[in-house]
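Visitor: Sequence first, predicted model second:
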Amino acid sequence: MSPAAHVLPDWLEPLLAFVNTVDVESNVDELAEGPLALRDWLAGRKLLGADPDEVTVSRADHRLAIDLRTGLRALALCNNGGDADESALVMMHQAFDRFPLVAAVPVPGTDLPALRPHRLPPVRAALGVIVAGYAQAVGTGDWDRIRRCPAEDCAWAFWDSSAKGARRWCNMRVCGNRAKVRAFAARKASSIS
């Protein structure tokens, strides 16, 4: 595979950005303020169309987005060898039922048709782009490269751009090094006792 094959595809960027709307390390949740925060985030990603200020986001839309994000984050951790959070996956599966998708023109460079949301109001259609990105990534095999850092004080989702697709940490210099230092300290402490 060429090095370009390990670059995050443009069509997956909204999904990865959505999964990272919660930053555990900084204790920031871009969607925490409710429906208006969701509208602003979707508008900032140009997923709401021409006039986002005219779009109403309901509490149900916001709850659906949170359930979707929680499930996708759980799956990204599974991609990195973590245990499945069954309740998060149930919420995500229930959320997926709300997004009918249809096949469109094939994704460039693949034989797979692109997926897009079908007959949904603006907010659901915008979230449907995220769902379609996930479905497309599973179909192309790209989903396995979206991982969540296993460090509980980080939990950042990242694209594994390594040639072998075996990267574990979002950043080896930070989270990977912290884990190595903790493991070394634990080994040293157990050898002393």
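Guide: Yep, it's here. Model, not experiment: these values are computed from the prediction.
Visitor: Strands of this protein, residue ranges please.
Guide: Along the chain, counting by DSSP state E, strands occupy 22-23, 28-29, 101-106, 113-117, 146-148, 157-159.
Visitor: Which of those sits closest to Leu77?
Guide: Nearest to Leu77 among the strands of the chain is strand 146-148 (4.1 Å), distances taken as C-beta to C-beta. Every residue, glycine included, has its C-beta placed from N, CA and C.
Visitor: Mind jotting down where the helices sit in this protein?
Guide: For the chain, the helices defined by DSSP state H occupy 13-19, 35-44, 59-78, 86-96, 122-140, 177-192.
Visitor: Out of the strands of the chain, flag the one nearest Leu36.
Guide: When the strands of the chain are ranked by proximity to Leu36, the top entry is strand 28-29, at 13.7 Å, counting by C-beta to C-beta.
Visitor: and that closest one, what other elements does it pack with?
Guide: strand 22-23 (3 or more C-beta pairs under 8 Å, 6 or more residues apart in numbering; DSSP states H and E).
Visitor: list the helices and strands the strand it packs on packs on?
Guide: Packing contacts for strand 22-23, counted by 3+ C-beta pairs under 8 Å, 6+ apart, involve strand 28-29.
Visitor: tell me the mean pLDDT over the strand it packs on?
Guide: In this model, strand 28-29 has a mean pLDDT of 97.
Visitor: how far does it sit from the chain's center?
Guide: Taking C-alpha atoms, centre = their mean, to the nearest Å, one finds the center of strand 28-29 at 15 Å from the center of the full chain.
Visitor: Give the pairing partners of that strand; include direction for each.
Guide: Within its sheet, and counting by DSSP bridges, strand 28-29 is paired with strand 22-23 (antiparallel).
Visitor: Correct me if wrong: Ala163 contacts His6.
Guide: Yes: counting by C-beta atoms under 8 Å, Ala163 touches His6, with 6.5 Å between them.
Visitor: For those two, indicate the residue with more neighbours.
Guide: His6 (16 against 11; other C-beta atoms under 10 Å).
Visitor: Now do the contacts for that one.
Guide: By C-beta atoms under 8 Å, 6 or more residues apart in numbering, the residues touching His6 are 145, 160-163, 165.
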